[in-house]
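Novice: This is the structure alone, sequence omitted:
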């Protein structure tokens, strides 16, 4: 845990030595948030070892609105990619979505029904690099089609990562979205379809990367179902789960001998 705190602090987390107005160390706030995401407990059920849950929730809402979690996620991704000997900024990505059920406390105005998956709830749209590290997360009602949500997701991705030139996706992102992304965002979308003669489970090129990332996020019990009133808070919970996974990965990852010499991924060079 101490190593994870050091990594998170180095990634841009506010100085743990500085105390919030009510005296709770920021390190305790972060530990409480990670505990809540990992175990899936209620806010009011946080153990007494942590600050009061209202204090923890207050910092969660402020940090979420300020983009602190996204900043930490991006810094950790850069450090992992450097340690693996690749460029800190990817030029290729993979996009996909996942529909999940919501709790009874989630308002109907922010949820819907996914007719394709037959799932009432919300839909998580995630974009990852070729290593499976998250670049962008967005939560919408489940009845929003992937191609519609992808316009907003890809537009925001283009603003944050102008170096990305190609995005792999499934057939749900085909159609007019490909021409729109090429014309307005200068992004190339390549769809990967399932083989016609395939039966049962098949590992599909590129798509398996983002599907694995979605499975990783479900290791955190808080993300098995959507309990958040606001979609922005759902995005923050997913990002916190990704931060935990990346800190663990970074502390176990040995330094790559070519870490100081960024190189282009072979798949990207071939494309």
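Specialist: Perfect, thanks for sending it. The structure displayed is predicted, hence computed values, not measured ones.
Novice: okay, CA-based contacts and neighbour counts for the rest of this
Specialist: Fine.
Novice: Can you list the low-confidence ranges for the stretch 1-150 of the chain?
Specialist: Within the stretch 1-150 of the chain, the stretches with pLDDT under 70 are 1-24.
Novice: Show the residue spans covered by the strands in it.
Specialist: 92-100, 112-114, 119-128, 134-141 (DSSP state E, counting those that start in this stretch).
Novice: And for the stretch 151-271 of the chain?
Specialist: Remark: strands assigned in the stretch 151-271 of the chain by DSSP E, counting those that start in this stretch are 166-169, 188-191.
Novice: contact partners of the first one?
Specialist: Outside of strand 166-169, the residues that reach it under the criterion C-alpha atoms under 8 Å, 6 or more residues apart in numbering are 91-96, 187-192, 206-207.
Novice: Rebuild the strands of the stretch 1-150 of the chain as JSON lines, extending it with mean neighbour count and distance to residue 43.
Specialist: Shown next, in JSON lines, are these (neighbours: other C-alpha atoms under 10 Å; distance: least, C-alpha to C-alpha, whole Å):
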{"stretch": "strand 92-100", "mean neighbour count": "23", "distance to residue 43": "21"}
{"stretch": "strand 112-114", "mean neighbour count": "19", "distance to residue 43": "25"}
{"stretch": "strand 119-128", "mean neighbour count": "23", "distance to residue 43": "21"}
{"stretch": "strand 134-141", "mean neighbour count": "22", "distance to residue 43": "21"}
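Novice: so which of the ones you listed gets nearest residue 59?
Specialist: strand 134-141 (20.4 Å; C-alpha to C-alpha).
Novice: partners of that closest one, with directions?
Specialist: Counting by DSSP bridges, the strands paired with strand 134-141 are strand 119-128 (antiparallel).
Novice: which residues are contacting the partner strand?
Specialist: By C-alpha under 8 Å, 6+ apart, the surrounding residues in contact with strand 119-128 are 93-102, 110-114, 134-144, 146, 149-150, 153, 209-210, 213-214, 226.
Novice: How far off centre is stretch 84-91?
Specialist: 18 Å (C-alpha atoms, centre = their mean, to the nearest Å).
Novice: gap between the two ends of that stretch?
Specialist: Distance between the two ends of stretch 84-91: 16 Å, counting by C-alpha to C-alpha, to the nearest Å.
Novice: For this structure, just list every one of the helices.
Specialist: Using DSSP state H, the helices of the chain run over 2-10, 26-39, 53-66, 68-83, 146-160, 176-180, 207-217, 231-252, 266-270.
Novice: Output the ones you listed in CSV; the columns should cover distance to residue 170.
Specialist: Below are the helices of the chain laid out as CSV (distance: least, C-alpha to C-alpha, whole Å):
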stretch, distance to residue 170
helix 2-10, 34
helix 26-39, 29
helix 53-66, 30
helix 68-83, 24
helix 146-160, 10
helix 176-180, 12
helix 207-217, 7
helix 231-252, 22
helix 266-270, 18
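Novice: Many thanks, have a good one.
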